[in-house]
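1. Quick one, structure for this:
(chains A and B)
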Amino acid sequence: MDNQKSLEIISQMIADTSAQIESNSGKYFLAWGYTTVAVSIFEYFVMALHLNTALIWAWWLIPVIGGCATLLLARREASLPKSYVDRSVSAVWTVFGISSLFALVAAMVYGASMFYLIVLLMGMGTVITGAICRNRNLTLCGCIAMLLALIFPIKHIALKNMGSGAAEWIIYSDIIIFAVIFLVMMVIPGHILNRRYRKQ
Amino acid sequence: MLKPLDPLLHSELRLAVVSILIGVEDADFVYLRERTGATAGNLSVQIDKLSKAGYIEVVKGFAGRKPRTLCRITELGRAAFSSYVSALKEYIEVE
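-> Next up is the predicted model:
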C-alpha cells in the first residue's frame, strides 16, 4: 500500500463516520417537534369546542409518543457507532426531558405554567445540543425559543386585569404559541439537519 | 532519517478500522464490516491482530437477543495512529 492510498483511507473513513454520526439528530427533533405540535392543536380544539375535560390528559401523549419514537429510532440505529457527542447529547436530553415531565406534573397538580417551563427547558436543551454539535441553526432556534418563552409571563401580566373572558383567551392563545414555538425550535432545525445529511 | 511506518497499521483493512474507531467511542462489528467492505472472516482476523497488539479493545455482549461485538480504540492505539500519521506526513513531504 503506498502513502497516498493510506492518506485516502484515513480521510475517507473519518469523513464517512462523521457523516453517519451527524445523521442521527434530525429525526429525533422531527419526532418530538411534530408530536408536540399535533397534540397541542388537538388540545386547542378540545378547549375551543368545550369537549370532555378529561381530554386534558392527552398532553401525556407527547412523552408517550415521543418516547416510543425515540426508542424505535435508537433501536434502528443501534449498529451505528457512538461518539462522545452522542453520549453528551443523550445525557442533555435525558436530564431536560425528565425536568419537563416534572413541569408537566407541576402544571397539572398546582397550575404552574407548563408552557413557559417546558419551552424554557427544551430551548435550553436545543441551545446546548447546538453548542455540542457546533450547529448554528440549532443554537439560534433554541435561543429564539427561549426568548419567545417570555411571551407567556408577559401576556399573563398584560391580560391579568382584563376579567374572566381574558383568562380563557390566555389559555387558548398559549396553546397556539406553544405549538408555534415547537415548530421553530424542533421542526425547522430537524428538517435543516435532515436536508444537510441528504446533501452529504 | 525517516521513521518507519508501523507495519500493523500499514495495511488497508487495519488502517480503515483504526481510522473509523479514532472518531467514535465504540463501533459495532457489523458497522465496521459494512464501512470497510471486508468479509466477516478477514475483518475478524485483522481485529484480532489489533486487539493482541493492544491497539483496540473488543467487548462481546448482546443487543437484545442478538450477539454483538463492540470495538473501541485504546490509548496505545491512539498514540500509534498519531505516530503513523506524523510519519506518513514526513514521507509525503519528502516525495
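
2. so where's the chain shaky on pLDDT?
-> Since no chain was named, I'll use chain A. A:20-24, A:112, A:163-168, A:200 (pLDDT under 70).

3. My question was about chain B, not that one.
-> B:1, B:95.

4. Skipping adjacent residues, who's closest to residue B:38 in space?
-> Using Cβ to Cβ, 6 or more residues apart in numbering or on different chains and skipping the chain neighbours, the partner closest in space to residue B:38 is residue B:13 (5.4 Å). The C-beta positions use only the backbone N, C-alpha and C, and glycine is treated the same way.

5. Quick check, that neighbour in contact with residue B:41.
-> No - assessed by Cβ atoms under 8 Å, residue B:13 is found out of contact with residue B:41, at 11.6 Å.

6. These two: which is more packed in?
-> residue B:13 (20 against 8; other Cβ atoms under 10 Å in any protein chain shown).

7. and the top helix by length along chain B, what does it pack onto?
-> Secondary structure assigned by DSSP state H gives helix B:75-94 as the longest helix of chain B. Applying 3 or more Cβ pairs under 8 Å, 6 or more residues apart in numbering or on different chains; DSSP states H and E, one finds that helix B:75-94 contacts helix A:3-48, helix B:12-21.

8. So which of those helices is the most surrounded?
-> Highest mean neighbour count among these (mean count of other Cβ atoms under 10 Å in any protein chain shown): helix B:12-21, with a mean of 23.

9. Is any residue of stretch A:82-100 near chain B?
-> Yes - applying Cβ under 8 Å from any Cβ of the partner chain, one finds stretch A:82-100 touching chain B at A:82-84, A:86-87.

10. ok, residue A:69 - contacts?
-> A:28, A:31-32, A:35 (Cβ atoms under 8 Å, 6 or more residues apart in numbering or on different chains).

11. Tell me if I am right that residue B:67 is in a strand.
-> Yes - under DSSP: H, G, I helix; E, B strand; the rest coil, residue B:67 falls within a strand.

12. My guess is it contacts residue B:29. True?
-> No - in this structure residue B:67 lies outside contact range of residue B:29 using Cβ under 8 Å: 9.4 Å.

13. who's more crowded, these two?
-> Between residue B:67 and residue B:29, residue B:29 has the larger neighbour count (other Cβ under 10 Å), namely 19 against 9.

14. check contacts around the more buried one.
-> B:40, B:43-44, B:47, B:68-71.

15. What of residue A:59?
-> By Cβ under 8 Å, 6+ apart, the neighbours of residue A:59 are A:39, A:43, A:104, A:108, A:114.

16. heading toward the C-terminus, what's the first helix or strand past the stretch of helix or strand the fourth one belongs to?
-> Put plainly, it is residue A:108. Using DSSP states H and E, residue A:108 sits in helix A:84-110. The element immediately downstream of helix A:84-110 (helix or strand, assigned by DSSP H and E) is helix A:114-133.

17. List the buried residues of the very next helix or strand once past that following helix.
-> Moving toward the C-terminus from helix A:114-133, the next helix or strand (DSSP H and E) is helix A:136-149. Neighbour counts over helix A:136-149 (16 or more other Cβ atoms under 10 Å in any protein chain shown) mark A:137-146, A:148-149 as buried.

18. Same list (the residues you listed) but as a markdown table, adding distance to residue A:195.
-> Below are the buried residues of helix A:136-149 laid out as a markdown table (distance: Cβ to Cβ, whole Å):
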| residue | distance to residue A:195 |
| --- | --- |
| A:137 | 11 |
| A:138 | 14 |
| A:139 | 18 |
| A:140 | 16 |
| A:141 | 14 |
| A:142 | 19 |
| A:143 | 21 |
| A:144 | 19 |
| A:145 | 20 |
| A:146 | 24 |
| A:148 | 23 |
| A:149 | 27 |
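
19. Can you name the two of those that sit furthest apart?
-> A:137 and A:149 (18.8 Å; Cβ to Cβ).
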